[in-house]
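> sequence first, then the predicted structure, then my questions.
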Number of protein chains: 2
Amino acid sequence: MARIKDTPSSLVADWKTLHRVFIRPEDESSRETLVKYMEQILFGLHDFLNQHVGVTEEISLIKLAEEYTDTEINKDPQKKLADVIKDIIDEIAPRAVNVASPYFVGHMTSAIPFFMVHLKAITAALNQNVIKLETSKVLSVLEKQILAKMHRMIFDFNEPFYLEHVQNTETSLGVFTTGGTTANLTALWVARNKSFPPKGNFESLEKNGFFEAMTAHDLERTVVLVSKRGHYSLRKAGGILGFGNQNVIPIDVDDNRSIDLIKLESKIQELQATGRTKIIAIIGIAGATETGIIDPLPKLADICEARGIHFHVDAAWGGPVLLSEKYRHLLKGIERADSVTIDCHKQFYMPMTAGMVYFKDPKAMDHIVYHSSYVNRPGSVDLGIKTLEGSREANSLILDSALKIMGSKGYALMIDHGIETALHFSKMIRQRRLFQLITTPQLNILTYRVVPLDMQEKLKTTDQKERQRLDAILDDINIKIQRLQREAGKSFVSRTRLKYSPTDDHNIVVLRSVIMNPMTSVEILEDILDEQETIFHDLMTS
Amino acid sequence: MARIKDTPSSLVADWKTLHRVFIRPEDESSRETLVKYMEQILFGLHDFLNQHVGVTEEISLIKLAEEYTDTEINKDPQKKLADVIKDIIDEIAPRAVNVASPYFVGHMTSAIPFFMVHLKAITAALNQNVIKLETSKVLSVLEKQILAKMHRMIFDFNEPFYLEHVQNTETSLGVFTTGGTTANLTALWVARNKSFPPKGNFESLEKNGFFEAMTAHDLERTVVLVSKRGHYSLRKAGGILGFGNQNVIPIDVDDNRSIDLIKLESKIQELQATGRTKIIAIIGIAGATETGIIDPLPKLADICEARGIHFHVDAAWGGPVLLSEKYRHLLKGIERADSVTIDCHKQFYMPMTAGMVYFKDPKAMDHIVYHSSYVNRPGSVDLGIKTLEGSREANSLILDSALKIMGSKGYALMIDHGIETALHFSKMIRQRRLFQLITTPQLNILTYRVVPLDMQEKLKTTDQKERQRLDAILDDINIKIQRLQREAGKSFVSRTRLKYSPTDDHNIVVLRSVIMNPMTSVEILEDILDEQETIFHDLMTS
């Protein structure tokens, strides 16, 4: 137990030092020092980000790993704050990934507005815990307000509805979570519990468990339906919530790359035929992780309504599109969902780790209430009564402040930029002979691949089997291009696997771009394609 | 869908402004402005914290709620960053809870060292997402290192073991979570899955779900055992994981206020008698939320070992005691656990939201592996492969830096201070005639109540029924004292419900103190008791 390294150090941990780090220095010179540290953080990191455009890959992973193998904790202090900051700027930052670069268009992590760093610092300095009123007070009240604002953005009920619920301690319009994964998990947790009403001795799934729930309701299977493009957190939720991840049933996509409604209908009929399968939710995606595609939400709402099935919309990515007057219509139907996931650290451009989930019915979250004697007493404002997570920082303050600084219009500018730049990018890809567009962007995500001209011709005329052989060669080429580009350190696109056409029997490797950084211009995207062409030609001649 | 308020504003969201908030200002004066904002955050909040000692309660909750009822999002920007910061300092902070006050001894949230704000700002500025290598690189490697350091602190395997696993992409010594709740959930998720090995067509609980698992193994009940002092997140985990929160079975505590081993043994025998109940875990508490008590870990380890049951230790609170040479022995037996929860935002004094869970067996987390095509590919360093959460900020950088700045000795000073001050506090309570100590502190948490002298005598001689009547009167008095003290705004202790004696048939209301702020001195605790005495006497004479 407890291994601690005792090496000599000039620094000592003593009571005087300890007091100094808790009680912030009063004198002018100490204050200046602390501010100077913060300046280093704001601009030391900034200078690095400017100098190293692109994804940093200065050192191989294996070499890097070799430097981080000491596993003993030092007894004495090893470094002062100033040196820790210096080391982070000099040694950690250059080996981190410059997600803020406009050439980083591979993932849903990007540059964030600089004021987010200030807001995060405020949250840390206040150190409120919004699990309960006694450690947050006004922040709990503020959180309920911003939850109502977001609920209104999604569901748009009338003013009396919001006046009734905004500060109501008995109802919940939604909760902050630590991300889209736990937001989806929370939504399915609620949907699962409400699918098993009391029956005989069985009170609730939450209390009695799955085995009793299934037995009482004479069921043998519990499922969730979502398109093949559903985020993997949904499968994980199936595992965690105990209905099994194989019962998160993937439905094929159609020619629009969104859920195939005919196949969905026939799967529902098949599942309901025996009367022994419970469909606890159907999920519509509003911005698929891989393709950005939005499912036909109004039609999914019709299906769910007709059959009394919980309709969840995973808008972790696409939710903030609601702030754009120009593109809001793409999410039509979301207002008919029973629950909606939206991530804060995606298109709300907030720092990690922040998500949200909303419920149309302010009583829906009663299915997951937990009380205890020391916190979360019944009838209190304590937000922790209905959250999956326990202690939580006040991310609501960051979202609220960001909306005040940006206005919905500021966010809309970014959303519009992403969608329009992605559309432009898709045209550029179509115009270049070496590239093949795989998924047209509906939002700001698209996929494509490199296909040499001679192979493009062949692909058009051959049968599935030969196509599969050719695709395997192309997979290899595209994996190499993606890796070499990443390792060159200037740009980053990601890759995934998709079917070329819904009727295909095999997946292909595709390059994936996410245009969320407002600094990512058409010129930069031309550079990225140029570089991919160069890498391809070097590959072919080497 | 999408309700947005269009009110005139002098601020506009335009492309130029947008660029300015993403590309940080280059010229000297803009840099100075940004630094000045940070200075306001560091010291504006600081000045408030110094001026308003104690828990702030300037305004009633109902009045406060009335001010936060506007639920429309503004279209144009409403405020500049400077004004947002000013408003937070002037309006939010005075209505938040001053958890940093040394008079705030009611909850597990406290002052944090000032450098934590700097470290949190760094994490936000880097905005790495440690779900995968491609958005974190060195941070993933660093995270594996600090996980190994913590694992070693707990389990103390030998150097070759850590050299093998510290940077091994196939194994996991633990993971960062967003708190103790999801850490406990993760531990029980692993324990649940490993309790149901493949059998016939049944592959795993994760894949096939609970109903098939129970059917394949011919079981009718799945349970977890923990003392009555178990954190409510364990019950919640029972609900989420699908075995039902009624199957998180609370075992009485004995005269030591820790789990009653005789009752535990007899409950195990009772449960195992039919052969149709699966005990997936027994949980030992290392620092109970209400009393700070540590269960007899070596004996629990014996019981679990003998019966092949997963042994989880919830050391969310007590874990960092391992850094104290003086008190580490209190956690003896923790090294025999199969999994251990430790919170970062508790006694590691980190900002919200950060927890951790560790597994003795580096392969244990294989029970909860998730891959996807675009991230978390098999064999990669991607940390998201085995986490309940998805996207995550790099809290590991904060913990690593804090340990370098403080050394284990710095943390030990705080741990020792808390334990010794709590012990002193308990003596003070014993010496005051108006107070009755309920639970003696083993760590830095204790409970007590106000009992008028005449009632103390009566309580000694009466029967249970009369005691219950008297206790109800005392409950009322103590609830009032706690509330009035909180509302006075100078000090804060919390309250909960416990049995006075394990053999009692009813709970009583107790006042609860958590001594974690190193600035909380004996003098301050005298003040708090003085104030409670004054409130009591005012109550009696009014």
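The structure has been received and is ready for your questions.
> kindly state the pLDDT recorded for the residue of chain A found nearest chain B?
Proximity of chain A to chain B (Cβ to the nearest Cβ) peaks at A:Gly242, 2.2 Å away. Placement of C-beta: from N, CA and C, glycine included. On pLDDT, A:Gly242 comes in at 98.
> and what of A:Pro378?
82.
> what sits against it?
Listed by Cβ atoms under 8 Å, 6 or more residues apart in numbering or on different chains, the contact set of A:Pro378 reads A:His371, A:Ile385.
> kindly report the same for the one 4 residues further on.
By Cβ under 8 Å, 6+ apart, the contact set of A:Asp382 is A:Ile131, A:Lys132, A:Leu133, A:Ser140, A:Val375, A:Asn376.
> take the residues you listed and write them to a markdown table, including secondary structure, neighbour count and distance to A:Lys120.
Shown next, in a markdown table, are the contacts of A:Asp382 (DSSP: H, G, I helix; E, B strand; the rest coil; neighbours: other Cβ atoms under 10 Å in any protein chain shown; distance: Cβ to Cβ, whole Å):
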| residue | secondary structure | neighbour count | distance to A:Lys120 |
| --- | --- | --- | --- |
| A:Ile131 | coil | 26 | 19 |
| A:Lys132 | coil | 26 | 22 |
| A:Leu133 | helix | 22 | 23 |
| A:Ser140 | helix | 32 | 19 |
| A:Val375 | coil | 25 | 25 |
| A:Asn376 | coil | 21 | 26 |
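> restrict these to those near chain B?
The subset of the contacts of A:Asp382 within reach of chain B, by Cβ under 8 Å from any Cβ of the partner chain, is A:Lys132, A:Leu133, A:Val375, A:Asn376.
> how far away is the second one from A:Ser140?
If I follow you right, that is A:Leu133. A:Leu133 sits 5 Å away from A:Ser140, going by Cβ to Cβ, to the nearest Å.
> what residues are shared contacts of those two?
A:Val381, A:Asp382.
> circling back: specify the local secondary structure of the residue of chain A closest to chain B.
Here A:Gly242 is recorded as coil under DSSP: H, G, I helix; E, B strand; the rest coil.
> surely it touches B:Leu205?
Yes: if you go by Cβ atoms under 8 Å, A:Gly242 and B:Leu205 touch, sitting 7.4 Å apart.
> these two - which one has more neighbours?
Using other Cβ atoms under 10 Å in any protein chain shown as the criterion, A:Gly242 and B:Leu205 rank with B:Leu205 on top: 32 against 29.
> surely that one meets A:Phe243?
No: using Cβ under 8 Å, B:Leu205 is not in contact with A:Phe243, being 10.3 Å away.
> you'd agree A:Ile280 is up against A:Arg192?
Yes: the pair A:Ile280 / A:Arg192 is scored as a contact, 5.2 Å apart, by Cβ under 8 Å.
> for those two, indicate the residue with more neighbours.
Using other Cβ under 10 Å, the more surrounded residue of A:Ile280 and A:Arg192 is A:Arg192, with 29 against 24.
> what does the pLDDT read for the more buried one?
Value for A:Arg192, per-residue pLDDT: 98.
> my guess is it contacts A:Ile279, does it?
No: the criterion here is Cβ under 8 Å, and A:Arg192 misses it with A:Ile279 at 11.2 Å.
> per-residue pLDDT, A:Asp366?
For A:Asp366, pLDDT reads 97.
> what number of residues lie near it?
16.
> same question for A:Leu484.
A:Leu484 - counted by other Cβ under 10 Å - has 16 other residues nearby.
> next: the one 3 residues further on.
Residues near A:Glu487, counting by other Cβ under 10 Å, number 12.
> correct me if wrong, but it is in a helix.
Yes: assigned with three-state DSSP, A:Glu487 falls within a helix.
> what residues does the stretch 351-500 of chain A have near chain B?
A:351-353, A:368, A:370-376, A:381, A:388-393, A:397, A:401, A:403-410, A:412-414, A:486, A:492, A:494-497.
> SS state for the closest residue in space to A:Arg430 that isn't next to it in sequence?
Excluding the flanking residues, the one nearest A:Arg430 by Cβ to Cβ, 6 or more residues apart in numbering or on different chains is A:Leu437, at 5.5 Å. Under three-state DSSP, A:Leu437 falls in the strand class.
> following element in sequence after the least confident helix or strand in chain A by mean pLDDT, please.
Of the helices and strands making up chain A, the lowest-confidence element is helix A:45-51, at a mean of 63, by mean pLDDT, DSSP states H and E. Using DSSP states H and E, the helix or strand that follows helix A:45-51 in sequence is helix A:61-67.
> what comes into contact with that next one?
A:Arg95, B:Leu133, B:Lys137, B:Val138, B:Val141, B:Lys144, B:Gln167, B:Val381.
> how many residues are close by the nearest residue to the third one once chain neighbours are set aside?
In space, B:Lys137 comes closest to A:Val97 once its chain neighbours are excluded; the distance is 5.0 Å by Cβ to Cβ, 6+ apart. A:Val97: 29 surrounding residues under other Cβ under 10 Å.
> any idea how far A:Val97 is from A:Arg469?
Distance from A:Val97 to A:Arg469, by Cβ to Cβ: 35 Å.
> quick one, what contacts A:Asn247?
A:Asn247 neighbours (Cβ under 8 Å, 6+ apart): A:Arg221, A:Thr222, A:Val223, A:Val224, A:Gly238, B:Gly209.
> skipping its backbone neighbours, what lies nearest the second one in space?
Spelled out, that is A:Thr222. A:Phe243 (4.1 Å).
> give me the neighbour count for the one you found.
What A:Phe243 shows, counting by other Cβ under 10 Å, is a neighbour count of 30.
> repeat that for A:Val451.
By the other Cβ under 10 Å criterion, the neighbourhood of A:Val451 contains 22 residues.
> how about A:Val357?
29.
> one more: A:Pro452?
16.
> over to the one 4 residues further on?
Neighbours of A:Gln456 under the rule other Cβ under 10 Å: 15.
> what do you get for the one 5 residues further on?
For A:Thr461, the neighbour count with other Cβ under 10 Å is 8.
> so how far is A:Arg467 from it?
From A:Thr461 to A:Arg467 the distance is 10 Å (Cβ to Cβ).
> and A:Phe202, by the same measure?
53 Å.
> those two: who's more crowded?
Set A:Phe202 next to A:Arg467 and count neighbours by other Cβ under 10 Å: A:Arg467 wins out with 21 against 18.
> contacting residues for that one?
Residues in contact with A:Arg467 (Cβ under 8 Å, 6+ apart) are A:Leu459, A:Asp504.
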